[in-house]
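Novice: Make a model of this:
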Amino acid sequence: MIHIALIKGIYILADIDIENKHHLNVFMIGATGLLGSEASRQLLARGHEVRSLVLPGLPPTFSLPEGLSLSFGNYLDLSDDGLVAHFSGADVFVFAAGIDERIEVPAPAYDAFVRVNNEPLERLLRLAKAAGVKRAVICGSYFTYFNRVWPELSLASRHPYIKSRVEQENMALSFSSADFAVSVLGIPYVFGTQPGRRPVWTFLVELVRSMPFATFYAKGGTSALTARQIGEALAGAAEGKMTGAIPLGWFDLSWKEMFQLIHGAMGRPRRPFFSVPKPIFQIGARARMKRLAKRGVEGGLDLVSFSEFMYRDALIDRTLGAEPLGVSDDLLQAAVLASIRQSIEFLDGTVDGIAMRM
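Specialist: Numbers count the residues shown, from 1 in each chain. Below is the predicted model of the structure:
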């Protein structure tokens, strides 16, 4: 039986009577990325088959999960026939690829997000459904959730990345039908590491290092999960535990608490942290945007107006998605420690690897 519930403005469909734990054939795009690799490990451990299309050039120390079958290629370049061949025999399609708001590209950045994230996914979902795939699971962003629950911030109209993610989610869910279930996971901050891959958190280490005596930041907070927990969520969605727009949260962190963890990982546990007034924070954001404009590039967020988001507690209750998907508790401090230490290694040049690619 399918149960449909309206939770905080989100329609969520949950298979409450059927566990759907039978053997699945999963085709994934992005199984060598941080989140995709964790999802593949979870799915393989549960007895499912996982095949993946990945970009050539694996992280130098990538450890292939036992049983994972890889094909090399770029989903942006393959023909329809080439993609259909990958979907053959698959029960579930998992999309764990794309770019996020940290990418800096020639303006307008929105065009890059649509070109890499949205337009290809629309084609992939159309082909997957036509090929007889029964379920699709997509790595999305928690910004879409807050675009719904905080309409006064006009997040989609002010930020090209959030606009693209809202459009991507709506487009993906439009493919939902009785024989094709779609899940879009709203993913927040994620801590964890993968050998040979540059962590996303190097910018926070650079930020702390740029301020000699204390850390000055916003007053607000965020939900967070570990990479392993995201893998569990993706696996749970692949097994059909929930469908629809699914916001994820587990750990609730104020920015002060997050930076205290980061300071400790950097060997500076006593380093002071100060929440600055919003106008002061906006001065720094405006200066950052001017530097980007001088370089002729644009990021995914309007950093000045985004301060309105940064000064709120962007928290998501774990009961809205993480718990129903079967996510279990994890050690956040250990994940932050590993993330920051690996970030330091990359910044100091003691290790090498690959970063986010288009």
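Novice: Off-centre distance for stretch 46-64?
Specialist: Relative to the mean C-alpha coordinate of its chain, stretch 46-64 is positioned 18 Å out (C-alpha atoms, centre = their mean, to the nearest Å).
Novice: Start and end of it, how far apart?
Specialist: Counting by C-alpha to C-alpha, to the nearest Å, you get 17 Å between the two ends of stretch 46-64.
Novice: Identify the residues contacting it?
Specialist: In this structure, residues lying in contact with stretch 46-64 by C-beta atoms under 8 Å, 6 or more residues apart in numbering are 21, 23-32, 36-37, 40, 43-44, 65, 67-75, 78, 86, 90, 194-197, 235, 238-239, 352-354, 357. Every C-beta, even on glycine, is put in place using the N, C-alpha and C of the backbone.
Novice: Can you turn the buried subset of those into a selection I can paste into ChimeraX?
Specialist: Below is the selection syntax for ChimeraX that covers the buried ones among the contacts of stretch 46-64, with 16 or more other C-beta atoms under 10 Å defining burial:
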select :24,26,27,28,29,30,31,32,36,37,40,43,44,65,68,75,78,86,90,194,196,197,235,238,239,353
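Novice: Filter the contacts of stretch 46-64 down to the ones in strands?
Specialist: With strands defined by DSSP state E, the entries of the contacts of stretch 46-64 inside them are 25-29, 69-72.
Novice: quick one: low-confidence ranges for the stretch 1-150 of the chain?
Specialist: Counting by pLDDT under 70, the stretch 1-150 of the chain has low-confidence residues at 1-21, 59.
Novice: All the helices of it, residue numbers only.
Specialist: Here the stretch 1-150 of the chain has its helices, by DSSP state H, counting those that start in this stretch, at 34-45, 80-87, 109-113, 119-130, 143-149.
Novice: among those, which is nearest Phe180?
Specialist: helix 119-130 (4.8 Å; C-beta to C-beta).
Novice: between the closest one and strand 25-29, how big is the angle?
Specialist: Orientation of helix 119-130 against strand 25-29 (axes from the mean of the first three to the mean of the last three C-alpha atoms, to 10 degrees) gives an angle of 170 degrees.
Novice: export helix 119-130 as PDB, just CAs?
Specialist: As requested, C-alpha coordinates have been extracted for helix 119-130 and formatted as PDB (Å, rounded to 0.1, in the frame of the first residue of the first chain):
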ATOM      1  CA  GLU A 119      19.000  18.900 -19.200                       C
ATOM      2  CA  PRO A 120      21.000  15.600 -19.100                       C
ATOM      3  CA  LEU A 121      18.900  14.300 -16.100                       C
ATOM      4  CA  GLU A 122      15.700  15.000 -18.000                       C
ATOM      5  CA  ARG A 123      17.000  12.900 -20.900                       C
ATOM      6  CA  LEU A 124      18.300  10.200 -18.600                       C
ATOM      7  CA  LEU A 125      14.900   9.900 -16.800                       C
ATOM      8  CA  ARG A 126      13.000   9.800 -20.100                       C
ATOM      9  CA  LEU A 127      15.200   7.000 -21.400                       C
ATOM     10  CA  ALA A 128      15.200   5.100 -18.100                       C
ATOM     11  CA  LYS A 129      11.400   5.100 -17.900                       C
ATOM     12  CA  ALA A 130      11.100   4.000 -21.600                       C
END
